[in-house]
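Engineer: Got a predicted structure plus its sequence, pasted below:
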Amino acid sequence: MAAKLIQTKALPNGLTLELYDASRKVAGDRWRVSLIAAMDIHLNGLPRSADDPASFKIDEIRRSLGAIVRFEQKRERNFIGSNQKEEVLGGLLDAFLTSSLAYLSHPDFARRFLLKQYKAYLARHPASCLAAKADHGSDDGARGCEES
């Protein structure tokens, strides 16, 4: 069963949060109730600043991760009866919004998330770390590249 869009929220930082019901039946009248929260972060829409370390890396990040980077989190509960499915989904949705909305709405969320994803990419692709270091002439251009 494909995830069904149940809600969208325009955030003050310009991003749009999409909330999906990805629940599926597992056995008899039992469900795995799943909520997926997702946002697409478009690199072209990010403001650039001379004192922002992410600004000079935008082209590197785009080459490594693509022009759109997707944030996604999943919340699940297992073996839920059919009669409780909607109530549990509503609870997951409320809990997610209560705990995460301020974080996702922060003006620096997109920039920080992109840097975190880029750092993780460099850790998974050591050759990219070497290229980033060479491009910048030092380790400063490739923060997050740990030596093994």
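Structural biologist: Happy to help now that I have it. Numbers count the residues shown, from 1 in each chain.
Engineer: Name the residues that touch the longest helix seen in the chain?
Structural biologist: For the chain, the longest helix by residue count, based on DSSP state H, is helix 85-105. Contacts to helix 85-105, defined as CB atoms under 8 Å, 6 or more residues apart in numbering, come from residues 6-7, 9, 11-13, 15, 17, 19, 21, 23, 31, 33, 35, 37, 39, 71, 73, 75-77, 80, 109. Where C-beta positions appear, they are placed from N, C-alpha and C, glycine not excepted.
Engineer: For ChimeraX, write a command that selects the buried ones of these.
Structural biologist: In ChimeraX syntax, the buried subset of the contacts of helix 85-105 is picked out as below (16 or more other CB atoms under 10 Å):
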select :11,15,17,19,21,23,31,33,35,37,39,71,75,77,80,109
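Engineer: that older thread, how far out from the middle of the chain is the longest helix of the chain?
Structural biologist: Centroid separation for helix 85-105 versus its chain: 16 Å, with CA atoms, centre = their mean, to the nearest Å.
Engineer: what do you get for stretch 3-18?
Structural biologist: On CA atoms, centre = their mean, the centre of stretch 3-18 falls 13 Å from the chain's centre.
Engineer: got the contact list for that stretch?
Structural biologist: If you take CB under 8 Å, 6+ apart as the criterion, stretch 3-18 is touched by 19-22, 34, 36-41, 45, 93, 101, 104-107, 109-110.
Engineer: Show the average pLDDT along it.
Structural biologist: The pLDDT scores in stretch 3-18 average 97.
Engineer: How about residues contacting stretch 23-40?
Structural biologist: Here stretch 23-40 makes contact (CB under 8 Å, 6+ apart) with 1, 3, 15-22, 68-83, 85, 88-89, 92-93, 96, 100, 104.
Engineer: which residues in this structure form strands?
Structural biologist: For the chain, strands defined by DSSP state E occupy the ranges 4-10, 16-21, 24-27, 30-42, 68-81.
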